[in-house]
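Chemist: what's the 3D shape of this:
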Amino acid sequence: MIRVIVESPFAGDVERNITYARACMHDCFKRGEAPFASHLLYTQKGVLDDLVTEERSLGIEAGLAWGEAADKTIVYTDFGISGGMQLGVERAKLIGRPVEFRKLNEQE
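Modeler: Numbering: from 1, shown residues only. From the prediction side, this is the model:
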């Protein structure tokens with residue numbers, strides 16, 4: 001399995017975006033990938049609060065740090081690309097990690 005970072009939106013419609021991120025991870029598993037979505041882990045109650053600027057920044061930086069161990073970044077674009085997602089894309093490109101754009105509703 002290759003290790004992939006999942007980029008999908010979180011802020012805004014949080015419930016929809018959590019459901020979407022889980023579906024994105026499922027899509028990765030179906031493709032034989034080992035996905036990591038820091039925005040699903042770090043935003044859990046008692047970990048970090050995405051509504052507190054400093055904590056949101058910590059979560060983004062921690063996710064970017066884990067990204068250095070990944071083989072590829074997968075960007076799911078059904079709902080567009082958020083600012084946090086764009087940071088992930090830029091960091092991946094900066095360190096030479098391949099970036100792939102996907103939509104869940106596209107045919108394989």
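Chemist: all contacts plus neighbour counts: C-alpha atoms, from now on.
Modeler: Will do.
Chemist: what's the offset of the least confident helix or strand in the chain by mean pLDDT from the middle of its chain?
Modeler: The weakest-scoring helix or strand in the chain, judged by mean pLDDT, DSSP states H and E, is helix 53-67 (a mean of 88). Taking CA atoms, centre = their mean, to the nearest Å, one finds helix 53-67 lying 11 Å from the centre of the chain it belongs to.
Chemist: now the helices for this protein?
Modeler: In the chain, the segments counted as helices under DSSP state H are 14-30, 38-41, 53-67, 83-94.
Chemist: so what does the longest one touch, helix or strand wise?
Modeler: It stands for helix 14-30. Applying 3 or more CA pairs under 8 Å, 6 or more residues apart in numbering; DSSP states H and E, one finds that helix 14-30 contacts strand 2-7, strand 33-36.
Chemist: Relative to the longest one, what are the paired strands and their orientations?
Modeler: When you say that, I think you mean strand 2-7. Based on DSSP bridges, the strands next to strand 2-7 in the sheet, each with its direction, are strand 33-36 (parallel), strand 72-76 (parallel).
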